[in-house]
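>>> Dropping a prediction and its sequence here:
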Amino acid sequence: MLSDLYAALLNMREVFSQHIVFGLGILLTGSYFMGRLAERIKLPAITGFILAGLLLGPSCMGLVHEHLDEALAPITEIAIALIALVIGSEISRKMFRIIGKSIVIITIFQIFGAFTLVTTGLVIAGMRLEFAAILGAIASASAPAATVAIIRELKAKGPFVNHLYGEVALGDAGSIVLFASVVAIAGNFLGSNVSLLRTISHSIFGILASLLLGAISGWILHLLTRKRRRINEVMIISLSLILLISAISHTLNLSSLLACMTAGAVMSNLSRNKHNILSSLDSISPPLYAALFAIAGTELSIAVLTSPNILLMGGIFVLARAAGKITGVHIGASAAHSDPLIKKYLGYGMLPQAGVAIGLVLFLDTMPYFTINHEITTTLINIVLFSVFVNELAGPPLSKYAISRGSILE
């Protein structure tokens, strides 16, 4: 009798877990309760969202089927595009006149700090230099979504937050260029016949095209909303532009992150209606944020914790990356004569890592060497997944600590 009941429950779970509406509904429900629980124990709500996804996903309860990854991808795409626009809206001419040089210097040091320490650490542990350098380049990427969500949760502002927004905006662009360069150089040693000049020029073209798309879109957003006062109209126009930017970027293999950041920056610097645009988007952002991090949680796999080799290499990757980011920010801030709070705490705000890192490591599947050598590819992917697993859980609390210490809270 009990076995029949158990079988029926498993069958019911299998049916419901593959339904996208059920999956989204259960993730939002779990996010609400886990978010509240996280806040009670003084953790960021997004840590609760990620844990909800992990518990409800294929690794644990299986209420969200692994086959739903592709179906839920548009939710992630929309949420990241929205977050990127918000980041861009904080970047103004005035801000860059005051701290632009400082942001550039700190970005260079923190990117190369993570790259150098991760590459060195993995080589010392016995990894081949080419693979270690590729992982080092991936380590330079951060996760803007977590950072922005915590800033908005804390209602933080001030020079520290301006620096953090600037770092997020420039950091991922720099990481993509670094990764493309390293992959091109490593590819030649691995016999992939990847042209260094062609790869770098292709990456630079992609970045410039993304910036152009964002600039045009931001200008159009300004034109369409400048005389609108009804918040519903502003919301429809703003959201439609975000969706179009994201769709065009993905279709043309451009960076939707850079395009949406640029759109937000152009809109912010042109529009007197900036407040209405951001206020209208604020009303739809909470469920999107919750869904984004819960979906990220479903993609984390506890299985990566079972391999001693992954634990060793992944542990080195996480620790060396953290040391590189924190040290790089400290040295860069010293060189730029930045505020002591920025020097002391900004590096901790750069620790979360998610989608960009996963996207970069999955790019290896397009290279002939890695397509043939499946075992090596799987190892590199699992090391990055381990890092994401740790940094998505430990990163947000550290970011919250850094932001609360370094900025002004309302």
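Happy to help now that I have it.
>>> hey, let's count contacts and neighbours off CA atoms from now on
Fine.
>>> need the next SSE after the host helix or strand of Val182, C-terminal direction.
Per DSSP states H and E: Val182 is located in helix 159-189. Counting by DSSP H and E, the next helix or strand C-terminal to helix 159-189 is helix 196-225.
>>> Show the average pLDDT along that next one.
Helix 196-225 shows a mean pLDDT of 81.
>>> any idea of the angle that helix forms with helix 159-189?
Put simply, helix 196-225 runs at 150 degrees to helix 159-189, going by axes from the mean of the first three to the mean of the last three CA atoms, to 10 degrees.
>>> Check which helices and strands helix 196-225 sits against.
helix 159-189, helix 231-251, helix 256-270 (3 or more CA pairs under 8 Å, 6 or more residues apart in numbering; DSSP states H and E).
>>> just those helices: most buried one?
helix 256-270 (a mean of 28; mean count of other CA atoms under 10 Å).
>>> Which strands or helices does that one pack on?
helix 69-89, helix 159-189, helix 196-225, helix 231-251.
>>> If I take the second one and helix 69-89, what angle do their directions form?
Right, helix 159-189. Using the same axes, to 10 degrees: helix 159-189 against helix 69-89 is 130 degrees.
>>> Helix 159-189 - what's its average pLDDT?
On average, helix 159-189 scores 72.
>>> For the chain, which element, helix or strand, carries the lowest mean pLDDT?
Taking mean pLDDT, DSSP states H and E as the measure, the helix or strand of the chain with the lowest value is strand 408-409, at a mean of 58.
>>> Surely Phe109 and Gly332 touch.
Yes. Using CA atoms under 8 Å, Phe109 makes contact with Gly332 at a distance of 5.4 Å.
>>> May I see the helices and strands packed on helix 196-225 organised as TSV, with distance to Gly349 added?
Shown next, in TSV, are those (distance: least, CA to CA, whole Å):
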stretch	distance to Gly349
helix 159-189	7
helix 231-251	26
helix 256-270	19
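>>> Could you point out which of the ones you listed sits nearest Asp339?
Taking CA to CA, helix 159-189 is the member of those nearest to Asp339, at 8.5 Å.
>>> Quick check: Phe293 vs Leu393, distance?
Distance from Phe293 to Leu393, counting by CA to CA, to the nearest Å: 11 Å.
>>> what's the answer for Phe33, then?
Taken as CA to CA, the span from Phe33 to Leu393 is 17 Å.
>>> Looking only at neighbour counts, state which of those two leads.
Legend: neighbour count by other CA atoms under 10 Å for Phe33 and Leu393, higher for Leu393 (20 against 14).
>>> For Arg36, grab phi and psi.
The phi/psi pair for Arg36 (degrees, to the nearest 10) reads phi -60, psi -40.
>>> Tell me the confidence at it?
87.
>>> Give me the neighbour count for the residue nearest to Gln18 when sequence neighbours are not counted.
For Gln18, ignoring the flanking residues on the chain, the nearest one in space by CA to CA, 6 or more residues apart in numbering is His65 at 5.4 Å. Using other CA under 10 Å, His65 has 22 other residues around it.
>>> from here on, count from 19
Will do, 19 is the new start, and the previous item becomes His83.
>>> I figured Ile123 hits Ile349, correct?
No. Counting by CA under 8 Å, Ile123 does not reach Ile349; the two are 9.4 Å apart.
>>> hey, what's in contact with both of these two?
The overlap between the contact sets of Ile123 and Ile349 (CA atoms under 8 Å, 6 or more residues apart in numbering) is empty.
>>> how about the helices and strands packed on helix 214-243, which one is nearest Gln36?
Taking the helices and strands packed on helix 214-243 one by one with CA to CA, helix 249-269 is closest: 24.9 Å.
>>> residue contacts, His268?
Shown in contact with His268 (CA under 8 Å, 6+ apart): Ser274.
>>> Likewise for Tyr183?
For Tyr183, the contact set (CA under 8 Å, 6+ apart) comprises 105-106, 108-109, 166.
>>> among those, which two are most distant?
Longest span within the contacts of Tyr183, CA to CA: Ile109 and Val166, 13.3 Å.
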